[in-house]
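*Asks:* give me a 3D structure for the following:
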Amino acid sequence: MRISRLVDQMSGSEIIKIGNAVSEQIRQGATICNLTIGDFDTALFPIPEGLRDGVTAAYQAGQTNYPPASGIADLRQAAADFLQTRLGLSYSASDEFLVAGGSRPLIYAAYLALVDPGDRVVYPVPSWNNNHYCHLSGAEQVAVATQPEHAFMPTAAELAPHLAGATLLALCSPLNPTGTVFTKEVLEEICDLVLAENQRRGPDEKPLYILYDQIYWLLTFGETQHFDPVSLRPALRDYVVYIDGISKCFAATGVRVGYSFGPKLVIDKMKSLLGHIGAWAPKAEQVATAAFLPQTEAVDDYLVGLKHGLQASLDAFYHGLKDLRAQGYAVDAIAPAGAIYLTAKIDVLGRTTPTGEVLATTREITSYLLTEAKLAIVPFSAFGAAATEPWFRLSVGAESLDSIQAALPRLQAALDKLT
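*Replies:* Got it, this is the predicted structure:
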């Protein structure tokens, strides 16, 4: 049978493959500390009570018909007000906001609205899914390697050689998969590069746009601050498309309410694309989100509790790895700053397992730890990095603190068995 070149050349998700292996272990009776999926255990992290009750009430009120293609007006206004109050970003709810069923269709629509086949898209690695969106849009991928000494966030110096002639710079902060964030100074330097590049271009040239994914921006820890391009450089307003929503900040991944905001021209075209695809957020969920976002005290109280639980789990594994490192183990971690992820280094490449297998790639390390330590993690190779870079994403939203603490001795025991 013949199928399209697009899907024939499309690669599957490595995270899903690891998830299937985890499911098989669980089916066989194993107890796994599963730190693979960027999701939440609803028993540990339920959605806000007000949001849950609002969804139920909206369904009971019969809010089950088609929503407007750009999202219901009340939600667009509530989101615009929310961002104005909390970030100082001023965008028109009527024509600069677009609601969809989570952030994924919005990212895809932004790619299709901005990128022609053959256009260059610049993005850092590791990062989530940009390689696949480039494939789907026919873009030329420019993957820029980042460094652990910069917490795997891209720097202006790393990006600068690749921006000439590019159409899109895809950025994310807090970053999936690293759980790290842009500092004000680094993001300012990157913004200045984009401004300078656009000033060099002629009136008939397509500008360089920034796709700024800030879906995790409300989940920062300690003294960490979130920064965004337009707040730092207002002159970028016509060139930045933001991705945002409630999926992560309210542990509401299955509620499927995301929103994008940016230049009217781009948002209009994204709306047209999604109108044909039909990737709307369900109307009842939109109604409930519109009612919940203005409840400042309820939102703040929920975020305090959510962040406290997430940080406790992140810190437990971070300090556990640091303790192992102090004992001489080839592991390390980067302090968590945001999102639900910990960046961990487990550098046992070249070591031999008790069965005689040499761990030549991070995929083999992942498989060994799943079998021997009952610990499921995702290598950075799933996010564009080389298979010989021993860095991993640990996602803590779907496991309890007790489960995470119990996994550390198993990890140590598994490392001890390597020669």
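*Asks:* residues contacting the residue minimising distance to the centre of the chain?
*Replies:* Centroid-nearest residue in the chain, with Cα atoms, centre = their mean: residue 176, separated by 3.8 Å. Residue 176 is in contact with 38, 127-128, 216, 339, 341, 383, 393, counting by Cβ atoms under 8 Å, 6 or more residues apart in numbering. Bear in mind the C-beta positions are built from the backbone N, C-alpha and C, glycine included.
*Asks:* SS state for the residue lying closest to residue 177 once chain neighbours are set aside?
*Replies:* Leaving aside its sequence neighbours, residue 177 sits nearest to residue 393 (Cβ to Cβ, 6 or more residues apart in numbering; 3.6 Å). The three-state label given to residue 393 by DSSP: H, G, I helix; E, B strand; the rest coil is strand.
*Asks:* show me the contacts for residue 393.
*Replies:* If you count contacts by Cβ under 8 Å, 6+ apart, then residue 393 has 35, 126, 176-178, 341-344, 377-380, 382-383 around it.
*Asks:* out of those, flag the one nearest to residue 326.
*Replies:* Nearest to residue 326, judged by Cβ to Cβ, of the contacts of residue 393 is residue 344 at 15.2 Å.
*Asks:* show me what whichever strand or helix holds that closest one is packed against.
*Replies:* Using DSSP states H and E, the element containing residue 344 is strand 341-346. Applying 3 or more Cβ pairs under 8 Å, 6 or more residues apart in numbering; DSSP states H and E, we find strand 341-346 packed against helix 296-326, strand 331-334, strand 391-395.
*Asks:* which one of the ones you listed lies closest to residue 26?
*Replies:* If you check each of the helices and strands packed on strand 341-346 against residue 26 by Cβ to Cβ, strand 391-395 wins as the nearest, at 16.6 Å.
*Asks:* what angle sits between the closest one and strand 341-346?
*Replies:* Counting by axes from the mean of the first three to the mean of the last three Cα atoms, to 10 degrees, strand 391-395 lies at 140 degrees to strand 341-346.
*Asks:* in its sheet, what does strand 391-395 sit against?
*Replies:* The strands beside strand 391-395 in its sheet (DSSP bridges) come out as strand 341-346 (antiparallel), strand 378-379 (antiparallel).
*Asks:* quick one: the strands in the stretch 101-250 of the chain?
*Replies:* 120-125, 140-145, 168-172, 209-213, 240-245 (DSSP state E, counting those that start in this stretch).
*Asks:* could these go into CSV alongside distance to residue 114?
*Replies:* Formatted as CSV, those follow (distance: least, Cβ to Cβ, whole Å):
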stretch, distance to residue 114
strand 120-125, 9
strand 140-145, 14
strand 168-172, 6
strand 209-213, 5
strand 240-245, 7
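*Asks:* including mean pLDDT, could those go into TSV?
*Replies:* Below are the strands of the stretch 101-250 of the chain laid out as TSV (pLDDT from 0 to 100):
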stretch	mean pLDDT
strand 120-125	98
strand 140-145	98
strand 168-172	98
strand 209-213	99
strand 240-245	98
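*Asks:* out of those, which gets nearest to residue 275?
*Replies:* Residue 275 sits nearest to strand 240-245 of all the strands of the stretch 101-250 of the chain, at 17.3 Å, using Cβ to Cβ.
*Asks:* what's the closest one packed up against?
*Replies:* helix 103-114, strand 209-213, strand 258-261, helix 264-277.
*Asks:* quick one: buried residues of the longest one?
*Replies:* Of the residues in helix 264-277, those with enough neighbours to count as buried (16 or more other Cβ atoms under 10 Å) are 266-267, 269-271, 273-274.
*Asks:* how near is the closest residue in space to residue 195 that isn't next to it in sequence to residue 199?
*Replies:* Counting by Cβ to Cβ, 6+ apart, residue 195 lies nearest to residue 235, which is 5.9 Å off, once chain neighbours are set aside. According to Cβ to Cβ, to the nearest Å, residue 235 stands 10 Å off from residue 199.
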